[in-house]
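K.L.:
How does the following fold in three dimensions:
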Amino acid sequence: MSNKLKSVKVGVLSLLTIFLLYFGINFLKGINVMNNGRLFYAYYDNVSGLTEGNSVTVKGYKIGTVTKINFDLEKENLLKVTLHIENGINIPLNTIAKIMSTDLMGTKGISLSLGDTSVMSVSGSELASSIESSLQDEVNAQILPLKNKTEQLIGSIDSVMTVITSVLNKDARESLTKSLVSLDRTFSTLSETMLVVDKMVNENEKNISTIMTNFTSISSNLNASNEEIKNIISNFSSISDSLSKADILSTLSSIDKITSKINNSEGSLGQLVNDTELYNNLKDASQELDELIADMKLHPERYLTFSILSTSKPYIEPKKEDDGIK
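P.N.:
Numbers count the residues shown, from 1 in each chain. Here you go, the predicted model:
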């Protein structure tokens, strides 16, 4: 009997030790084995350092613990996170399980953003998941623009230093000094020019005043003659209307026909214009008439005689010389 009693005691002690060990491990993980609670699941591409035993909170209050993290082969190796949540807390169906940092040391946890639906999740339900940006990500997001601006500033400073180095060069300083002297002379010349212009304006102030008075008078005359100008424009408009109404095309057509007849030697005018022989005869007759008039001026006694017995002298053709007709 003693051996059996010892065996029972060893068995009971072993079971008690196993229970205490299980209870202690879960207690250290934050799991209350005396509370059945409920299990929920969430899937993540990256758990960002989340480990088993991390807390599950709502508004900063701990309501559960992460009990298991494993790959789910049926969902393309997404990480399946099991959440053990105490009873007595309603979890709406559209609640989001967000992985976030719980302290400045980077300890991770899951914060539940309770949804607004009236339908509640039951044990074994899958919750929507999200990951909050880490402190390092936030710092990088703030520092990156500052880093870019710093690099641009350094580049600008480098350019400025290059320019300053060039300016400090002896030749560059001399060129700059000459440029400043030339600029000073330019300003001096401009100032003298302005003085001359001002003097000219003062000297011709009366003339300018007279010109402005004349301009005012001309403007007044134009205003007074406004009606006459309107009448002239109206007359031009009437003439333009008359010309537009006139049968100019018909007139031009008639002129074209007359010109065609003249070119074709039709009619008296056409024959006169196109007959070369008649033109030559008229030219010769005109030349002989000129010679006759010239001879009458030089020798009028040949054509006018006063005698009782009228005896006319015979006509003698004048001799042609280089200096003219004698």
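K.L.:
average model confidence for the helix or strand residue 129 falls within?
P.N.:
Following DSSP states H and E, one finds residue 129 within strand 128-131. For strand 128-131, mean pLDDT is 90.
K.L.:
ok, and what's touching it?
P.N.:
Residues from elsewhere that reach strand 128-131 (Cβ atoms under 8 Å, 6 or more residues apart in numbering): 42-44, 46, 48, 81, 94-100. Quick note: C-beta positions are derived from backbone N, CA and C, even for glycine.
K.L.:
what's the answer for stretch 57-68, then?
P.N.:
Residues from elsewhere that reach stretch 57-68, judged by Cβ under 8 Å, 6+ apart: 29-31, 37, 39, 50-56, 80-86, 89, 102, 109-112, 114.
K.L.:
Could I have the CA atoms of that stretch written out in CSV?
P.N.:
Output in CSV follows, covering the C-alpha atoms of stretch 57-68 (Å, rounded to 0.1, in the frame of the first residue of the first chain):
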residue,chain,number,x,y,z
THR,A,57,-6.3,47.5,-25.8
VAL,A,58,-9.4,49.6,-26.4
LYS,A,59,-8.8,53.4,-25.8
GLY,A,60,-5.6,52.5,-23.9
TYR,A,61,-7.3,50.0,-21.6
LYS,A,62,-6.1,46.4,-21.8
ILE,A,63,-8.9,43.9,-22.6
GLY,A,64,-6.9,41.0,-24.0
THR,A,65,-3.7,39.5,-25.2
VAL,A,66,-2.1,38.2,-28.4
THR,A,67,-1.9,34.5,-27.9
LYS,A,68,-0.6,33.1,-31.2
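K.L.:
and that stretch, how far from the chain's centre?
P.N.:
Mean C-alpha position of stretch 57-68 versus that of the full chain (Cα atoms, centre = their mean, to the nearest Å) differs by 56 Å.
K.L.:
can you pull the buried residues of that stretch?
P.N.:
Neighbour-count burial for stretch 57-68 flags 57-58, 63-67 (criterion: 16 or more other Cβ atoms under 10 Å).
K.L.:
so for it, what's the average pLDDT?
P.N.:
Averaged across stretch 57-68, pLDDT comes to 90.
K.L.:
again, but for stretch 37-54
P.N.:
In this model, stretch 37-54 carries a mean pLDDT of 89.
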